[in-house]
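Participant: no sequence on hand, only this structure:
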């Protein structure tokens, strides 16, 4: 009979309409600023620089090798190498970045800087609300704004951080063992 | 008669009597027009929220809920947005016609309210041929749609305008025929008289025409034709957002676009108001013990009811194809409307009682069953055979 399907359709939409008021599981919308879904562990948006310890100037892992600056496809990284050197985590004298800027508006979140970094100094952050009302200054992040402690890295990417931590501990142990074998030779 | 029922009429008379004698006619006219110009656009604003929230709920979403409590101030935000947007006129468009089209549509959308009795003694112009006036004005909206489509100089807008004109002319026929049944029964073209004919009660039930077999069928036909006439889903082929982007108003932006929207919704309210006047007893109460409620509240309650119906239809039915649209108009709606006219005639001349109910219903049901068979079985889906392209 003509019209029966239309009546069934009306019943279906009425059920949807009333159900959306009575059943919570029908409304799947996440009301974003108030409600948030947990961010996936592998989520990435913008790189940050890791430092060990408490002082971002002292513990910054970056040695200003400028590999990331050269590899960055949109060229959003700008590094100026320091004149002097400071010891890194294994005690070796290294340069450090006097200036380290990343342009938020240019970065395309490709993670290539992270992949090429031989010092585990740059990693991706999952922070995604980066908008600002300052179009020029607010979008160019300096070294102090980019620096994050190692604990933060361990908190947002626990699996990845544990792997990095293990590798670094191994490296450090090796370096110390080498130093221990070298030192007696020096004293002889 | 209760004071609340006539509060606006009394207020108008008081204001007119307290103005200088020379300006009294002008003030009287102004006071009849102004409420229409205020109330219905406000109703439009809140209908848009109602519609968006209703459709949202039908699709298991929240709908707008950010501006003001529960999102009811959304129309304000929309108005500010459309006022501040750039008004673009295509360089190859006909600027005069392009500018005039939304204005014509809006003017035409407001005019039919003159003959709608919103409450007892509440009508801007009590014309003897009110229904005729309504349809005559309603036909001009096709002109404005075609003006918009033609002057934009865009193939999609022209396609949309052509669809709109074809559709509106096709559906005007059943729309008129189903109202002719009411005009026959009431014996008058005056909207006030039609409402008065329906305002009596038998027992507790009113004498609305929708409560007769022919009236019910006529009401359904009228509302389907009204949906098509106002280009609302499922008859929104002229707009056809997924096919021809936005049809005849593709080249309109900013406040002109908002005016088209306003005109379209005002047209919907007006035709719903006519449906209420013709079939649902206008401002009369639905049950005899509810007559103490002011008459104008009944009109607006019925209007809201029909608006909810329109929203429900929009949330349920998918858009028709052009051939389905035309088949439905000419092969189902038109014969059905003619049967309704005949059935109303039989109702008029048969004596009161079970016989006329039976005869009138048999007319409707039998012709519905026969016509529905014709509509349903045509065009079986089959594998398409290409003779030359293979």
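Facilitator: That came through, no problem. Being a predicted model, the structure only gives us computed values, none of them experimental. Residues are numbered from 1 along each chain as shown, chains lettered A, B, ... in the order given.
Participant: so is the closest residue to residue B:236 other than its chain neighbours in a helix, a strand, or just coil?
Facilitator: Distance criterion CB to CB, 6 or more residues apart in numbering or on different chains; nearest residue to residue B:236, sequence neighbours excluded, is residue B:319 at 6.0 Å. Any C-beta I mention is one placed from the backbone N, CA and C, and that applies to glycine too. Here residue B:319 is recorded as coil under DSSP: H, G, I helix; E, B strand; the rest coil.
Participant: can you pull out the strands in chain A?
Facilitator: Taking DSSP state E as the test, the strands found in chain A are A:46-51, A:77-81, A:86-87, A:93-94, A:97-103, A:122-125, A:140-141, A:147-149.
Participant: contact partners for the closest residue to chain B within chain A?
Facilitator: Going by CB to the nearest CB, chain B is nearest to residue A:2 of chain A, at 3.2 Å. By CB atoms under 8 Å, 6 or more residues apart in numbering or on different chains, the residues touching residue A:2 are B:332, B:368, B:371, B:372, B:373, B:375, B:376.
Participant: which of those residues are close to chain A?
Facilitator: Filtering the contacts of residue A:2 for proximity to chain A by CB under 8 Å from any CB of the partner chain leaves B:332, B:368, B:371, B:372, B:373, B:375, B:376.
Participant: the fourth one contacts residue B:333, correct?
Facilitator: In other words, residue B:372. No: counting by CB atoms under 8 Å, residue B:372 sits too far from residue B:333 to count as a contact (11.9 Å).
Participant: any common contacting residues for these two?
Facilitator: Contact criterion CB under 8 Å, 6+ apart; residues shared by residue B:372 and residue B:333: none found.
Participant: more neighbours: which of the two?
Facilitator: Comparing residue B:372 with residue B:333 by neighbour count (other CB atoms under 10 Å in any protein chain shown), the higher total belongs to residue B:333, at 24 against 16.
Participant: what's the pLDDT at the nearest residue to the more buried one once chain neighbours are set aside?
Facilitator: Counting by CB to CB, 6+ apart, residue B:333 lies nearest to residue B:174, which is 3.9 Å off, once chain neighbours are set aside. pLDDT for residue B:174: 91.
Participant: so which residues of the stretch 1-150 of chain B form helices?
Facilitator: B:7-17, B:24-58, B:74-84, B:95-110, B:130-151 (DSSP state H, counting those that start in this stretch).
Participant: pull the distance from the last one to the chain's centre.
Facilitator: Meaning helix B:130-151. Centroid separation for helix B:130-151 versus its chain: 13 Å, with CA atoms, centre = their mean, to the nearest Å.
Participant: tilt between that helix and helix B:95-110?
Facilitator: 160 degrees (axes from the mean of the first three to the mean of the last three CA atoms, to 10 degrees).
Participant: other SSEs contacting helix B:130-151?
Facilitator: helix B:95-110, helix B:155-186, helix B:191-198, helix B:254-279 (3 or more CB pairs under 8 Å, 6 or more residues apart in numbering or on different chains; DSSP states H and E).
Participant: likewise the fourth one?
Facilitator: Helices and strands touching helix B:95-110, by 3+ CB pairs under 8 Å, 6+ apart, are helix B:24-58, helix B:130-151, helix B:254-279.
Participant: could you check the angle helix B:155-186 makes with it?
Facilitator: 30 degrees.
Participant: report the buried residues of helix B:95-110.
Facilitator: B:97, B:98, B:100, B:101, B:102, B:104, B:105, B:106, B:108, B:109, B:110 (16 or more other CB atoms under 10 Å in any protein chain shown).
Participant: what does the last one give?
Facilitator: By 16+ other CB under 10 Å, the buried positions in helix B:130-151 come out as B:130-135, B:137-138, B:141-142, B:144-151.
Participant: let me see the mean pLDDT of it.
Facilitator: Rounded mean pLDDT across helix B:130-151 is 88.
Participant: chain A contacts on chain B?
Facilitator: B:54, B:57-62, B:312, B:315-317, B:332, B:368-369, B:371-373, B:375-376.
Participant: tell me the pLDDT of the residue nearest to residue B:236.
Facilitator: Reported pLDDT for residue B:319: 87.
Participant: residue A:188 too?
Facilitator: For residue A:188, the predicted pLDDT is 47.
Participant: what sits against the nearest residue to residue B:238 once chain neighbours are set aside?
Facilitator: Spatial nearest neighbour of residue B:238, excluding adjacent residues (CB to CB, 6+ apart): residue B:164 at 3.5 Å. Residues in contact with residue B:164 (CB under 8 Å, 6+ apart) are B:142, B:145, B:146, B:149, B:231, B:237, B:238, B:247, B:248.
Participant: what angle do the lengthiest helix in chain A and strand A:46-51 make?
Facilitator: Identified as the longest helix of chain A according to DSSP state H is helix A:158-187. Here helix A:158-187 points in a direction 30 degrees away from that of strand A:46-51 (the same axes, to 10 degrees).
Participant: run a quick neighbour tally on residue B:354.
Facilitator: Neighbour number of residue B:354 under other CB under 10 Å is 7.
Participant: repeat for residue B:228
Facilitator: 26.
Participant: so which bits of the helix-or-strand element of chain B with minimal mean pLDDT are buried?
Facilitator: When each helix and strand of chain B is scored by mean pLDDT, DSSP states H and E, helix B:241-244 comes last, with a mean of 76. Buried residues in helix B:241-244, counted by 16+ other CB under 10 Å: residue B:244.
Participant: okay, now the unreliable bits of chain A?
Facilitator: A:183-188 (pLDDT under 70).
Participant: kindly report the residues of it close to chain B.
Facilitator: Close to chain B, as judged by CB under 8 Å from any CB, chain A has residues A:1-3, A:6, A:9-10, A:12-14, A:16-17, A:19-21, A:26-29, A:31.
Participant: switch to 10 Å and redo it
Facilitator: A:1-21, A:23, A:25-29, A:31, A:33 (CB under 10 Å from any CB of the partner chain).
Participant: now restrict the residues you listed to buried residues only.
Facilitator: A:9, A:10, A:13, A:16, A:17, A:20, A:27.
Participant: of the residues you listed, closest to residue B:357?
Facilitator: residue A:10 (26.5 Å; CB to CB).
Participant: for that closest one, which non-adjacent residue is closest in space?
Facilitator: residue B:316 (5.5 Å).
Participant: my read: that neighbour touches residue B:54, true?
Facilitator: No: if you go by CB atoms under 10 Å, residue B:316 and residue B:54 don't touch, sitting 11.2 Å apart.
Participant: circling back: how far away is the residue of chain A closest to chain B from residue B:332?
Facilitator: As defined by CB to CB, to the nearest Å, residue A:2 lies at a distance of 8 Å from residue B:332.
Participant: next: residue A:164.
Facilitator: Remark: distance between residue A:164 and residue B:332 (CB to CB) = 72 Å.
Participant: now for the residue of chain B found nearest chain A: which residues touch it?
Facilitator: At 3.2 Å from chain A, residue B:372 is the closest residue in chain B, using CB to the nearest CB. The contact partners of residue B:372, taken as CB atoms under 10 Å, 6 or more residues apart in numbering or on different chains, are A:1, A:2, A:3, A:4, B:332, B:336.
Participant: of the ones next to chain A among the contacts of residue A:2, just the buried ones, ChimeraX syntax please.
Facilitator: Only the buried entries of those go into this ChimeraX selection, using 16+ other CB under 10 Å:
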select /B:332,368,371,372,375
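Participant: pull the most distant pair out of the ones next to chain A among the contacts of residue A:2.
Facilitator: Across the ones next to chain A among the contacts of residue A:2 (CB to CB), the longest gap, 11.6 Å, separates B:368 and B:376.
Participant: quick check: neighbours shared by these two?
Facilitator: The contact sets of residue B:368 and residue B:376 overlap at A:1, A:2, A:3, B:332 (CB under 10 Å, 6+ apart).
Participant: flag the shaky bits of chain B, pLDDT-wise.
Facilitator: Along chain B, the model assigns pLDDT under 70 to residues B:1, B:376-380, B:390.
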